[in-house]
Structures are given as C-alpha cells and as structure tokens.
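**Student:** What follows is a predicted structure for the sequence shown.
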Amino acid sequence: MKGKILLLAMFALSFQVFSQVKTEKVNPDQIPQRIQKEGMRPISLTIPDEEVVLRELEESVLGANSENESFDFGRFFPFELNFEIIESLCKDGKCFKEIEVEYGGMNTLGFVFDQLDLSKNAKFYLINDEAGYIQGPITRESVNVPRGFISGLMPGDRLRLLLEEPENEQNTSIIRINEASFGIFDFFNVSKYSSRLNSSNPCWGFGCSASCNINIACSSSLDLESKAVALVLIKNPSNNTYSIRGTGALINNGYQDRKFLFITASHIYNSFEWDNNSQFVFHYKSLQCSPTTNGSLTIYVQGATNIIPTGQGHTDLKLVELKVGSGGNPLFASNPVSFLG
C-alpha cells in the first residue's frame with residue numbers, strides 16, 4: 001500500500017505545471033554563439049490587415065497614457081514551426097538546432113508552444129543578437145507546461161531560436177510552436193516601431209505608465225518592495241490580444257513559508273480566462289540597467305491558481321497562488337524575489 005501511495009505522489013509531482021523563464025541583457029561574450037556561420041535566412045512573419053491591427057493597438061496604448069488602466073500592446077497569430085524538421089549540427093559532444101524569425105518594425109516578439117518537452121540535459125534559448133538579450137537557458141526544470149507555454153517578452157524584431165542537446169540525447173526534445181506574438185509597446189527601449197497615427201505626444205513604453213502601472217525605468221538597486229511587485233500580462237484567447245492589466249505583489253502568510261501568494265486587483269482580470277493565460281513579470285523595472293547577469297533581467301511566471309474568487313466579499317482584491325512548482329525554482333534561488341508582510 002505504501003508503495004502505491006509513493007508511486008501516486010511521484011506521478012503527481014512529475015505532472016506539476018509550472019513555468020519560470022528570464023529575459024536578460026548580457027555582455028556579448030555571454031550570448032551563445034551562432035552555429036551556422038554563414039548568413040541565416042530568417043522566417044519572415046506577417047498578419048492579415050496589418051495596418052488596421054497596428055492602428056488599433058496604437059489607439060489602445062495612447063488611450064492608456066491618458067485615462068485607461070489597462071491596454072492591449074500586441075497580438076497573437078497562427079505560426080507553425082516544428083523543430084523536428086530542423087537539421088542538427090553536432091560538435092564536441094553537443095548537438096544544436098538553430099533558426100531565426102523576424103517581424104520587421106516590432107518592439108517585441110514572442111511565441112506560444114503547442115509542446116515544449118525538453119530532454120533531461122537540453123537547453124533552449126531565445127536570442128536577440130543585435131540588442132544583446134537572451135531568454136534562457138530554458139530547461140526541463142524551469143518549464144513544465146504540457147501545452148500552451150507562452151515565452152516571456154523579447155526585445156526587437158528578429159530572434160534566433162537555439163536548442164542545445166548532449167549528443168546522446170540528440171533529437172529527443174520536442175519543440176512545436178503554434179503561435180507567435182508581436183508588440184508595439186517598447187518595454188526594452190529598442191525603438192523599432194514607427195507610429196501610424198503620427199500622434200503629437202506618442203509614448204510607446206519606456207517611461208510611460210497607465211494609472212495601474214509603475215513607470216518602466218532602470219532600477220539598478222531593487223529594494224525589498226520592488227522585488228515583490230510584478231506586472232500582470234494577459235493573453236486573451238477570445239480576440240488574440242496581448243495586454244498589460246496592472247500590477248500586484250507577493251505577500252507572506254501566517255506560516256511565513258514563502259508560498260507564492262500574489263495579491264492584485266480583481267478588476268484587472270474582468271472576464272478573462274486568466275489561469276494559464278496570465279504572466280507575472282518580476283524585476284521588470286531593471287530592463288535597462290547596465291549589462292550584468294545579476295541585475296538587468298526580468299522573470300516571467302505563467303499561470304496561477306485562484307485562492308479568493310473575483311469579487312469575493314465585495315472587494316476589489318484578488319488572491320492567487322503562482323504556479324512555481326514544488327519547492328520553488330532554481331531561477332528564484334539565484335534571482336530572489338521578496339514577500340511583503
């Protein structure tokens with residue numbers, strides 16, 4: 001009987017859903033080298049009715065600068081890419097798969113993975129070579145989302161996707177992308193997007209704020225309070241928008257056990273299906289600090305479990321538990337967050 005209970009516990013643990021990744025600005029020598037030395041032809045992305053969509057996003061962002069508390073800054077759209085079709089290049093006991101994707105003139109790019117099942121020792125990266133940003137290494141220990149993993153935001157309009165596996169694990173990772181995202185809001189101050197509306201006072205991200213959002217700015221010495229605060233992003237599956245909904249903070253409970261409890265405002269969720277479509281962005285104020293592996297990074301957590309239902313007790317408070325996984329995560333151990341209270 002004890003053996004059966006242990007087996008069930010191990011089974012439940014292995015199927016925990018959690019996702020934590022970091023986007024980080026680093027020195028050039030810390031960026032994984034290109035595997036294909038010759039110029040790589042990128043996959044170019046586009047969407048139907050592009051000009052109409054971009055104008056709608058601009059109106060949403062500019063409206064947020066005035067009276068709105070939240071706004072749409074990007075869109076998701078179908079994009080199919082299976083790493084199974086990419087040729088492996090092996091050397092020194094490691095095998096690599098590499099490809100580039102671009103959407104000219106966008107301030108951010110990202111992807112939704114229909115499946116991201118990495119082998120035991122595999123490392124997966126999203127890389128912006130021009131701006132010096134990497135996301136990763138994404139590993140099996142940092143991401144366990146069977147379906148629908150949403151990558152954290154990456155700056156710029158061209159990304160390199162790189163998979164590294166030990167030679168004895170070659171072709172065992174499964175990576176399938178089914179959506180891409182783009183954004184015009186300039187989280188990273190890369191200034192790739194050009195306005196279609198010719199507004200007299202455009203503000204596309206860096207230093208801009210709506211009433212529920214703290215200004216995005218460099219904070220090289222993150223204090224106790226700011227380490228607890230996260231920006232809340234939502235992927236709305238009903239209309240494929242990517243939106244900034246507001247902020248919240250990690251709080252401690254009576255046990256002081258650092259359970260990842262997050263308090264925010266109920267109204268920022270509205271009727272969205274937020275469970276696995278929400279992202280919580282920690283350290284987001286440090287995006288423009290000097291390149292360092294300890295400072296200039298953001299941490300993305302995907303998904304949360306509802307603790308207090310929306311509107312419970314006629315308050316505008318919402319309490320959720322973030323899906324960080326059993327025992328926390330190595331990413332938070334090396335890049336700590338704070339718990340208020």
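**Tutor:** Yep, it's here. Numbers count the residues shown, from 1 in each chain.
**Student:** give me the low-pLDDT residue ranges for the protein?
**Tutor:** 1-17, 37-39, 64-69, 146, 199-225, 269-274, 285-296, 308-314, 325-336, 341 (pLDDT under 70).
**Student:** tell me, which helix in it spans the most residues?
**Tutor:** When the chain is scanned for its longest helix (criterion: DSSP state H), the result is helix 50-64.
**Student:** Check which helices and strands the helix or strand following that one is in contact with.
**Tutor:** Where DSSP states H and E defines the elements, the next helix or strand beyond helix 50-64 is strand 71-82. Strand 71-82 is packed against helix 50-64, strand 108-117, strand 174-183, strand 241-251, with contacts defined by 3 or more C-beta pairs under 8 Å, 6 or more residues apart in numbering; DSSP states H and E. Heads up, the C-betas are built off the backbone N, CA and C, glycines and all.
**Student:** is it possible to export these to a markdown table including mean neighbour count and distance to Ser151?
**Tutor:** A markdown table is the format used below for those (neighbours: other C-beta atoms under 10 Å; distance: least, C-beta to C-beta, whole Å):
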| stretch | mean neighbour count | distance to Ser151 |
| --- | --- | --- |
| helix 50-64 | 18 | 19 |
| strand 108-117 | 22 | 5 |
| strand 174-183 | 21 | 8 |
| strand 241-251 | 22 | 12 |
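**Student:** Can you name the residues that contact Tyr242?
**Tutor:** Contact partners of Tyr242, counting by C-beta atoms under 8 Å, 6 or more residues apart in numbering, are 72-76, 181, 183, 233-236.
**Student:** Looking at these, which one is closest to Thr305?
**Tutor:** Proximity to Thr305 was ranked across the contacts of Tyr242 by C-beta to C-beta; first place goes to Ile234, at 16.1 Å.
**Student:** what angle separates the helix or strand harbouring the closest one from strand 174-183?
**Tutor:** Here Ile234 is covered by strand 229-236, with elements defined by DSSP H and E. Regarding strand 229-236 and strand 174-183, their directions subtend 100 degrees when assessed with axes from the mean of the first three to the mean of the last three C-alpha atoms, to 10 degrees.
**Student:** what comes into contact with strand 229-236?
**Tutor:** Residues outside strand 229-236 that contact it (C-beta under 8 Å, 6+ apart): 76, 112, 150, 153, 181, 213-214, 241-250, 262, 264, 268-269, 272, 274, 277-282, 284, 301.
**Student:** This completes my enquiry, with thanks.
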